[in-house]
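Asker: Turn this into a model:
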Amino acid sequence: MTTNCSQFKMLAPDGKMRLKDAMKTSDILRLIESVPSPKAEPFKMWLAGLGKERIDEVFDPEIAIKRAINYYRNRGYDDKWIKARLNGILDRNKLTDLWKESGINEGYEYAILTNDIYRE
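Answerer: Here you go, the predicted structure:
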């Protein structure tokens, strides 16, 4: 398998910026999938489990919502904050859908409007 690597300048342990190989997440996962080593098997099984969870969420989106709620609870957020966060996501999606209906697509205008919302 040929890897699809790019080089980016990243901070090295010595404090200098050096070129390092980097890959997109999807390319990394494909590379791991192709490794024929028993040591890679636990990671492959973990990835397969994540894939199954996401597929289950496609058929029952409530699973994803529960996962998000548990994620926030595990990080110490209370239910009031979680409710406000989820409502904020819904409200933002309604607004961006309205923009799309008005002909504003993800691009320069979309970025300006989104930035104005975050400033407020």
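Asker: Can you report how many residues neighbour residue 93?
Answerer: Counted by other CB atoms under 10 Å, the residues lying close to residue 93 total 10. All C-beta spots, glycine's among them, are computed from the backbone N, C-alpha and C.
Asker: which strands and helices sit next to the helix or strand hosting it?
Answerer: Using DSSP states H and E, residue 93 falls within helix 79-101. If contacts are counted by 3 or more CB pairs under 8 Å, 6 or more residues apart in numbering; DSSP states H and E, helix 79-101 sits against helix 61-74, helix 108-119.
Asker: Present these as CSV; the columns should include mean pLDDT and mean neighbour count.
Answerer: Shown next, in CSV, are these (pLDDT from 0 to 100; neighbours: other CB atoms under 10 Å):
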stretch, mean pLDDT, mean neighbour count
helix 61-74, 95, 12
helix 108-119, 75, 10
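Asker: what's the closest of those to residue 20?
Answerer: Closest approach to residue 20 among the helices and strands packed on helix 79-101 (CB to CB): helix 108-119, 29.0 Å.
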